[in-house]
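In: Structural data only, the sequence is not supplied:
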Ligand SMILES: Cc1ncc(C[n+]2csc(CCOP(=O)(O)OP(=O)(O)O)c2C)c(N)n1
């Protein structure tokens, strides 16, 4: 805690210049204040607590040694960028509004600050982007430094390895920080993770290399001696000590480095800054450092909602809150997997987020966590499916964007029975554009053999999962983040007729074809339009985007003056587009009002309701838009005098 004798430092930091001006003795106090601020703000707003508490010293050291925005720091995922924000003029009220409307984004964002050289939210992008920047710098002949900060789980991403394969052929100057805390969201998995663990616990490896390099470069003419030493090391290959994997890719390796020791970090970064070959610094950090609750529960504190800043206890949901879609899905999958051993679940590093943690706990042999490797997850499922296994691949809508090619080329083309469960379809409001799931229909609708569906509630989700496990080809279920509608789950799931919509309410003036959770909105809109305007408004639960219930659609188009489509997806290529195409193909000139997300990236915001209202999809805006369209076509009769 700060005292009268030590005034707070954080409020005085308006740019990295002030970080550089502090004395080394003041830095631990700055680190303490940053941690206090991060805990206070995330306790209120939720966020990525553990990853940020783990990089406090690393980020301070980066800003001591490098000078943004001239130098570029590229953070992988960038969920660990809060410290960087606090040191680059985004503290105070802006940071206190983290992940809220008009507050700081939870990720780096080029539009937010010139210090954010690259925006992100998906994993594994930093090394490729940084390599592009370093190569552009070389082409321009400018001298800035480019530093990629990658977590250990980023190295489970194929893209990171593809970038690594290209480093030495692209540039001589690139600094890579491997921020190794042994955790992805869950514990990191796979052979690379085990390798890093061996590397960081080996007492002989690179301490020797590192000390010698530092010794050489401290001597007059030492750079040349160091160059010869590095050359000799390369030529003798593994003669002296085991050479690291990274050296085989042509990067100089330094480490392991204590990621909470500011002095050690600064010295190593200074050394890296002058390296004449690409270099990787293996920095060991602890997720949640400085907060006991987060240290004790790294998985929970990777990213979470509001919590008690003293105990770390999560705020309890209001009594009566229905279970989350992810848990309903996860528990239903356990039931199906127990009844049918061929059913397996696959996650790309998101066991709790997808609800597959239930399967992991109850049927571990039928559960696979493949790391942050969505493309591999889909191809792996395709291979399993060729041999009679029934894979269920659970990937958030936004992360499935990574796997479009294997969906088309490896699953759909070969018509393999793989079920895809796309959680977070719709908004992820506090996270923002990197995490909203608003594009999946546009890329799935065009895939031959695909069945694409969205349930109106959690009971129908279980029906759809059950139905998908009886299909001969690929199927895709999309459902939103958060709590279900609160309906009971039937003891026996229903097998849904493929391509058949459900008429929930008949109407003669307007028919709203709604998809997923929007069905509940449609029912409320129908009530209000009836009560306030005297209109007869029907509601259809579309259920299937592909195949669409064309017969029902055409029968409505033939006799109902206005059709409305309502979806939690961008309008371009979405459900409403499918409706228009079907009508056009049948030469049916129906009036259709399409309601969905506009053709722009939707920002982060305090809640779904706030963002919906801002983009014309709040209850009042929807009511007005439907009414405007109705009145456009049916103007009120002009009153004439006597
Ligand atoms: C393509 C993609 N898949 C999944 C995620 C979800 N995700 C966010 S952070 C994270 C783990 C990152 O671990 P690491 O890179 O080691 O960083 P740390 O959080 O441990 O600092 C995952 C899986 C993502 N952001 N992007």
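Out: That came through, no problem. Since the structure is predicted, the reported quantities are computational estimates derived from the model, not experimental observations. Numbering: from 1, shown residues only.

In: Name the nearest residue to residue 486, ignoring sequence neighbours.
Out: Among residues not flanking residue 486 along the chain, residue 322 sits closest, at 3.8 Å (Cβ to Cβ, 6 or more residues apart in numbering). All C-beta atoms are positioned from the backbone trio N, CA, C, and that covers glycine.

In: Tell me the buried residues in stretch 66-78?
Out: With burial defined by 16 or more other Cβ atoms under 10 Å, the residues of stretch 66-78 counted as buried are 66, 68, 71-78.

In: Among these, which one lies nearest to the ligand?
Out: Nearest to the ligand among the buried residues of stretch 66-78 is residue 77, at 4.6 Å by Cβ to the nearest ligand atom.

In: what about the closest one, helix or strand, and which?
Out: Residue 77 belongs to no helix or strand when assigned by DSSP states H and E.

In: Hmm, it is touching residue 151, no?
Out: Yes: judged on Cβ atoms under 8 Å, residue 77 makes contact with residue 151 at a distance of 7.0 Å.

In: Spit out the residues that contact the two alike.
Out: Common contact partners of residue 77 and residue 151 (Cβ atoms under 8 Å, 6 or more residues apart in numbering): residue 123.

In: I'd like the distance between the residue nearest to residue 486 and residue 359.
Out: 21 Å (Cβ to Cβ, to the nearest Å).

In: same thing with residue 490?
Out: Distance of residue 490 to residue 359, computed by Cβ to Cβ: 21 Å.

In: Equivalent analysis for residue 89, please.
Out: 45 Å.

In: Neighbour count for the two, which is higher?
Out: Each of residue 89 and residue 359 has its neighbours counted (other Cβ atoms under 10 Å); residue 359 has more, 28 against 16.

In: where does residue 292 land on pLDDT?
Out: Residue 292 carries a pLDDT value of 97.

In: what residues are up against it?
Out: Contacts for residue 292 (Cβ under 8 Å, 6+ apart) come out as residue 312.

In: From the ligand, how far off is the closest residue to residue 263 other than its chain neighbours?
Out: Using Cβ to Cβ, 6+ apart and skipping the chain neighbours, the partner closest in space to residue 263 is residue 24 (7.1 Å). Separation of residue 24 from the ligand (Cβ to the nearest ligand atom, to the nearest Å) stands at 26 Å.

In: what number of residues lie near residue 24?
Out: Burial of residue 24 is recorded as 10 neighbouring residues (other Cβ under 10 Å).

In: Now the residue in the chain that the ligand sits nearest to: closest residue in space that isn't a chain neighbour?
Out: In the chain, the residue that lies nearest the ligand is residue 151 (2.2 Å; Cβ to the nearest ligand atom). Nearest residue to residue 151, sequence neighbours excluded (Cβ to Cβ, 6+ apart): residue 179, at 5.2 Å.

In: The one you found reaches residue 259, doesn't it?
Out: Yes: using Cβ under 8 Å, residue 179 is in contact with residue 259, at 6.9 Å.

In: Overlap in contacts, these two.
Out: Here residue 179 and residue 259 share the contacting residues 54-55, 58, 283, 285, scored by Cβ under 8 Å, 6+ apart.

In: Take those residues and keep only those in strands.
Out: residue 283 (DSSP state E).

In: Which two of the shared contacts of residue 179 and residue 259 have the greatest separation?
Out: 54 and 283 (9.9 Å; Cβ to Cβ).

In: got any residues that touch both of those two?
Out: Contact criterion Cβ under 8 Å, 6+ apart; residues shared by residue 54 and residue 283: 179, 259.

In: Show me the shaky parts of this protein.
Out: Where the chain drops to pLDDT under 70, the residues are 1-5, 202-223, 225-243, 637-642.

In: mind giving me the domain ranges of it?
Out: The domain map for the chain lists 10-206+241-302, 213-240, 325-478, 509-633, with the assignment taken from automatic domain parsing.

In: Which of those has the highest mean neighbour count?
Out: domain 325-478 (a mean of 22; mean count of other Cβ atoms under 10 Å).

In: Can you give me the first-to-last residue distance of it?
Out: End-to-end span of domain 325-478 (Cα to Cα, to the nearest Å): 10 Å.

In: Then stretch 344-360?
Out: Stretch 344-360: ends 10 Å apart by Cα to Cα.

In: re earlier: as CSV, the shared contacts of residue 179 and residue 259 with distance to the ligand would be great.
Out: Converted to CSV, the shared contacts of residue 179 and residue 259 look like this (distance: Cβ to the nearest ligand atom, whole Å):
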residue, distance to the ligand
54, 6
55, 7
58, 10
283, 11
285, 8
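
In: Which parts of the stretch 201-350 of the chain are helices?
Out: In the stretch 201-350 of the chain, the helices defined using DSSP state H, counting those that start in this stretch lie at 207-218, 222-235, 245-248, 262-273, 292-296, 325-339.

In: Run through the neighbouring helices and strands of the last one.
Out: If contacts are counted by 3 or more Cβ pairs under 8 Å, 6 or more residues apart in numbering; DSSP states H and E, helix 325-339 sits against strand 343-347, helix 351-354, helix 357-362, helix 458-468.

In: how about the residues of this structure that lie near the ligand?
Out: The interface of the chain toward the ligand, taken as Cβ under 6 Å from any ligand atom, is made up of 51, 76-77, 79-80, 122-123, 151-154, 179, 181, 183-185, 287, 302, 348-350, 372, 374, 399, 402.

In: Compare the domains of the chain and give me the one nearest residue 318.
Out: Of all the domains of the chain, it is domain 509-633 that lies closest to residue 318, at 14.4 Å by Cβ to Cβ.

In: any idea how far that closest one is from the chain center?
Out: Offset of domain 509-633 from its chain centre (Cα atoms, centre = their mean, to the nearest Å): 28 Å.

In: Does residue 360 touch residue 368 like I think?
Out: No: applying Cβ under 8 Å as the test, residue 360 and residue 368 come out as separate, 9.2 Å apart.

In: Now do the shared contacts for those two.
Out: residue 345.

In: could the shared contacts of residue 179 and residue 259 go into TSV alongside distance to residue 389?
Out: Formatted as TSV, those follow (distance: Cβ to Cβ, whole Å):
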residue	distance to residue 389
54	37
55	40
58	42
283	40
285	38
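
In: after the lengthiest strand in the chain, next one along is what?
Out: Longest strand in the chain by number of residues (criterion: DSSP E): strand 562-570. Proceeding N to C from strand 562-570, the next assigned helix or strand is helix 575-585, under DSSP H and E.

In: after that following helix comes which helix or strand?
Out: Reading on from helix 575-585 to the C-terminus, the next helix or strand found by DSSP H and E is strand 591-597.

In: List of residues touching the helix or strand just after that next one?
Out: Downstream of strand 591-597, the first helix or strand assigned by DSSP H and E is helix 608-614. Helix 608-614 is contacted from outside by 101, 426-427, 429, 602-603, 605, 618, 620-621, using Cβ under 8 Å, 6+ apart.

In: Take those residues and keep only those in helices.
Out: Mapping the contacts of helix 608-614 onto helices (DSSP state H) picks out 620-621.
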